[in-house]
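*Asks:* With the sequence up front, the predicted model follows.
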Amino acid sequence: MRTRLATAILGAAGIAILLSGCRQTASLNLQEVVVVFKPDATQADHARVYAACKNLPGVSPEPLVTDSKYLATLQNNVRYRVDHATNYELQQLYQCLGKDPSVAGYKPPVDQGQ
């Protein structure tokens, strides 16, 4: 009887571990590009870049947060989801970002294939 109980508990624990692993890897297909601005860029610069590049194919802008009390949130508030963007669509986004003088660069999506 104790062996059956122990086996049932171990089986349930194993299933729980497998299910938690599924939740941890569920976001691997969620990719974003984070815009890096020059130190003197204003929130008006951020809004201009956000608006200029938000309607590109394969690009979905994340909501623009402009009223956070956290400096890090305001510095990194221009983000674009590129979950299904092709390489060509990513290049279009990068070219759009490169046109604005307030943009220092961007953090590209992480390659999950490695």
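*Replies:* Okay, I see it.

*Asks:* use CA for all of it now, contacts and neighbours both
*Replies:* OK.

*Asks:* Could you look up the next helix or strand downstream of the least confident helix or strand in the chain by mean pLDDT?
*Replies:* In the chain, no helix or strand scores lower on mean pLDDT, DSSP states H and E than helix 2-25, which sits at a mean of 55. Per DSSP states H and E, the first helix or strand lying C-terminal to helix 2-25 is strand 32-37.

*Asks:* and the following helix or strand past that next one, which residues are buried?
*Replies:* Following strand 32-37 in sequence order, the next helix or strand is helix 43-53 (DSSP H and E). Neighbour-count burial for helix 43-53, counted by 16 or more other CA atoms under 10 Å, picks out 43, 45-46, 49-50, 53.

*Asks:* Direction included, what does the helix or strand that comes right after helix 43-53 pair against?
*Replies:* Remark: after helix 43-53, the chain's next helix or strand is strand 60-61, criterion DSSP H and E. Sheet pairing for strand 60-61, assigned by DSSP bridges, gives strand 79-81 (antiparallel).

*Asks:* can you give me how far the strand it pairs with is from the chain middle?
*Replies:* Centroid separation between strand 79-81 and its chain, computed with CA atoms, centre = their mean, to the nearest Å, is 6 Å.

*Asks:* And the residue nearest to the spatial centre of the chain, how close does it get to K69?
*Replies:* Centroid-nearest residue in the chain, with CA atoms, centre = their mean: E32, separated by 3.3 Å. Going from E32 to K69 by CA to CA, to the nearest Å gives 23 Å.
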